[in-house]
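# can you look at this prediction? I've put the sequence above it.
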Amino acid sequence: MRLAAGGHPPPMVVRGSGVEPLEIPGMLVGGVARARFAARTVDLAAGEACVLYTDGVTEARGGVDGDAEFGEERLRRLLEGCHVLPAPGIAERVAQHATAWAVTGRDDIAVLVVQAPLPVAPAHPQEPSA
């Protein structure tokens, strides 16, 4: 998968071995006339996922005092173990937790999960019945 960023939060790659944030430098889209964007390639093994999200997820404010950010570290911990979920389940988990965290003024929350397909076992032809 090839990714480029334009001021977006770092995508998170969900693997069986853990969660890896991908730092991708890039200027804000539309911020300057001749913006430059870096690209990064990431390989996803079968079932691994790349989670892309808006800053409304990480900047959601809540917690005990109502002013703590959800943050990238909380998101990373939330995604640990999610390698067993299908892409829609991962996206729903992130959106639900960020929404539940936010107790004051809400920003947009969008989550996109791209997941490498699991291998499909070949079908075995049925034996003719006697």
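Alright, I've got the coordinates.

# and the most centrally placed residue in the chain, what's its pLDDT?
Among the residues of the chain, V51 comes closest to the average C-alpha position under C-alpha atoms, centre = their mean, at 1.5 Å. The model reports V51 with a pLDDT of 98.

# cool, and P125?
Confidence at P125, expressed as pLDDT, is 66.

# same question for L78.
Reported pLDDT at L78 in the predicted model: 97.

# could you look up the SS state of it?
Three-state call for L78 (DSSP: H, G, I helix; E, B strand; the rest coil): helix.

# could you check how far it is from V19?
According to C-beta to C-beta, to the nearest Å, L78 stands 9 Å off from V19. For the C-beta atoms, the positions are set from N, CA and C on the backbone; glycine is no exception.

# what strand or helix carries the residue nearest to the centre of the chain?
Assigned by DSSP states H and E, V51 falls within strand 49-53.

# what is the burial count for C82?
Look at C82: counted by other C-beta atoms under 10 Å, it has 20 neighbours.

# that one: what's it in contact with?
Neighbour list for C82: 14, 49, 89-90, 93 [criterion: C-beta atoms under 8 Å, 6 or more residues apart in numbering].

# cool, T58 as well?
9, 69-72, 75, 98 are the contacts of T58 under C-beta under 8 Å, 6+ apart.

# change it to 10 Å
Going by C-beta atoms under 10 Å, 6 or more residues apart in numbering, T58 touches 9-10, 69-75, 98, 107, 109.

# one step back: who is the residue nearest to the centre of the chain paired with across the strands?
Going by DSSP bridges, V51 is paired in beta bridges with M12, V113.

# isn't it up against M12?
Yes. With contact defined as C-beta atoms under 10 Å, V51 counts as touching M12 (4.5 Å).

# can you pull the residues that touch both of those two?
Common neighbours of V51 and M12 are listed as 19, 21-22, 75-76, 78-79, 82, 90, 94, 113 (criterion: C-beta under 10 Å, 6+ apart).
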